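*Asks:* Here's my sequence, what's the structure:
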Amino acid sequence: MNKIETIKLDNGLTIYLYQDKRKHTTLFQLVTRFGGTTEDFIIDGKEIHLHDGIAHMLEHYLVECNKYGNFLDILGKKEMRTNASTSDTYTKYYFDTVENVEFGIKTILNCVYSPIFTKENLEKLKNPICQELRRSANNKFFHHNIKKLENCSHNIHYKTTLGSLKEIQNTTLEEIQLCYEAFYNPKNQFIVVAGNFDKEKILQVIKKETKDLEASKHIVEKLDLQEKGSVVKKQGEIIFPTPNPYLEVTYKIPINHLSNIEQLKLTFYMQIFFNMNLGTSSPLYNKLVKNQIITTNINRSIRRIDNYLLISIGSYSNQEEVLKDEITKAIKKLNWDQKLFEIDKKNIILDIILREENLPNTVGPFIENIVDFSYPYLDTVEDIEKLNYNEFKERISSLDFSNYTITTIHNPKKENVN
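*Replies:* Sure thing, here's the model as predicted:
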């Protein structure tokens, strides 16, 4: 595994260089620690409570409304693959190219750091963002995820990165500017450059284009929402066209007692846990299929919101009560298999080895390590080899699965026609 070099500029901006001369391309990403869940914070002693969609709207704003023009168009004309995206915890602006690396870096940095804040620009953006939201709203799982978060959260009001149509239309220029000033500063950002590039040229461009950036003049702190460990509702229903009813059990599990490194290690143990207890070779899956309770895989996902993990387990089924009972019983009596643990360890090691062949697959986990766990390193084969079966059992057994909510998706009821 190639070593990642870390360089910190005087203004606080951190640059991570992952050089691999075997590659033909270079990947550049500018990352800001500001995402969909960053809605409640304190700036200069004042509490701020934003609505959903602000981070995503600011992403669009910086791409399009700056002194230099839409960087997607500018870099697209150079046949560079480029885009921007907003996740729960961060926003990134990036390109992947064979040529014009220095031009691409200069373009993205100039655009992101030179916004033109006007009400006209903001209003111009709202319609295409609303169109994006309407497209997402055609997916039943978009609504299902919102309902799931509503059922789980007492004080965390975040439900979706996109926001609602009403929230988009009501977003003000003052809110957009406030978030830009609070989070788009070098101490709250970092750059990752990976692939085949000239280190000295890259550093020269970045330093030149960011030399006038100053550390934030504002004091920004995360607001402690004091979220309760219980769920708000035990059940919730979505009415939406679906081939079969869908049921999902979501467990709300506190993890604030774990250190960042322990939480990172838990992500790997959870991969093994999912496969061992919910995979196609698990006793639960085989029982559900044999009894024709499900005909598809067991879906499973894990999401980190504030100091909690939301672990979701579900499937399509016409026997919803039976499916719910079987899932909850299986979680109460977990399956342990040391041979399978060692096999899954080898599969994770193989994934880490193979992802080195793909720059986005390498950089993605690295960025998440930084943002989610304050761990500016790549996971290595040696890290996975240190995982052990007894610790795995202890860590998974210590998780509190007592709080959960059930969300279902059902077809609209047909009205009788006389």
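*Asks:* was I right about Thr14 contacting Ile191?
*Replies:* Yes. At 7.3 Å, Thr14 and Ile191 qualify as touching, with contact defined as Cβ atoms under 8 Å. All C-beta spots, glycine's among them, are computed from the backbone N, C-alpha and C.
*Asks:* Looking at the two, which is more packed in?
*Replies:* Ile191 (23 against 17; other Cβ atoms under 10 Å).
*Asks:* Mind listing the residues bridging to that one?
*Replies:* Note on Ile191: beta-bridge partners by DSSP bridges are Ile15, Leu30.
*Asks:* doesn't Tyr18 make contact with it?
*Replies:* No. Ile191 lies out of contact with Tyr18 (Cβ under 8 Å); the separation is 11.3 Å.
*Asks:* would you list every one of the strands in the stretch 101-250 of the chain?
*Replies:* 189-195, 220-222, 235-239, 246-254 (DSSP state E, counting those that start in this stretch).
*Asks:* His49 is nearest to which of the ones you listed?
*Replies:* Distance to His49, taken as Cβ to Cβ, is lowest for strand 220-222 among these, at 12.9 Å.
*Asks:* Now do that closest one: which elements does it pack against?
*Replies:* Counting contacts by 3 or more Cβ pairs under 8 Å, 6 or more residues apart in numbering; DSSP states H and E, strand 220-222 packs against strand 40-43.
*Asks:* And the strand it packs on, what's buried?
*Replies:* Asp40, Phe41, Ile43 (16 or more other Cβ atoms under 10 Å).
*Asks:* what's the answer for stretch 112-132, then?
*Replies:* Neighbour counts using 16+ other Cβ under 10 Å place Val112, Tyr113, Pro115, Asn121, Leu122, Leu125, Lys126, Ile129, Cys130 of stretch 112-132 among the buried residues.
*Asks:* Identify the farthest-apart pair in these.
*Replies:* The span of the buried residues of stretch 112-132, defined through Cβ to Cβ, is set by Tyr113 and Cys130 at 27.2 Å.
*Asks:* pretty sure Phe41 contacts Val220?
*Replies:* Yes. Using Cβ under 8 Å, Phe41 is in contact with Val220, at 6.0 Å.
*Asks:* what's the overlap in contacts for these two?
*Replies:* Shared contacts of Phe41 and Val220 (Cβ atoms under 8 Å, 6 or more residues apart in numbering): Ala182.
*Asks:* Please name the residues that touch the nearest residue to Glu320 once chain neighbours are set aside.
*Replies:* Leaving aside its sequence neighbours, Glu320 sits nearest to Leu247 (Cβ to Cβ, 6 or more residues apart in numbering; 4.7 Å). For Leu247, the contacting residues are Gly314, Ser315, Ser317, Glu320, Leu323, Lys324, Ile406, Thr407, Thr408, by Cβ under 8 Å, 6+ apart.
*Asks:* I'd like to know which of those residues are part of helices.
*Replies:* Glu320, Leu323, Lys324 (DSSP state H).
*Asks:* want to throw the buried residues of stretch 112-132 into a markdown table with pLDDT and distance to Glu79?
*Replies:* Formatted as a markdown table, those follow (pLDDT from 0 to 100; distance: Cβ to Cβ, whole Å):
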| residue | pLDDT | distance to Glu79 |
| --- | --- | --- |
| Val112 | 97 | 21 |
| Tyr113 | 97 | 25 |
| Pro115 | 97 | 26 |
| Asn121 | 96 | 28 |
| Leu122 | 97 | 31 |
| Leu125 | 96 | 26 |
| Lys126 | 96 | 31 |
| Ile129 | 96 | 27 |
| Cys130 | 96 | 30 |
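*Asks:* Name the member of those with the shortest distance to Glu394.
*Replies:* Val112 (44.5 Å).
*Asks:* Ramachandran angles for Thr295?
*Replies:* Thr295 has phi and psi values of phi -120, psi 0 when expressed as degrees, to the nearest 10.
*Asks:* Just give the number of residues close to it.
*Replies:* 12.
*Asks:* Report the separation between it and Tyr246.
*Replies:* As for Thr295, its distance to Tyr246 is 12 Å (criterion: Cβ to Cβ, to the nearest Å).
*Asks:* so what sits against both of these two?
*Replies:* Common neighbours of Thr295 and Tyr246 are listed as Tyr316 (criterion: Cβ under 8 Å, 6+ apart).
*Asks:* got the contact list for Leu340?
*Replies:* Leu340 neighbours (Cβ under 8 Å, 6+ apart): Ile272, Asn275, Met276, Ser281.
*Asks:* do that again at 10 Å, thanks
*Replies:* By Cβ atoms under 10 Å, 6 or more residues apart in numbering, the residues touching Leu340 are Ile272, Asn275, Met276, Asn277, Gly279, Ser281, Ser282, Tyr389.
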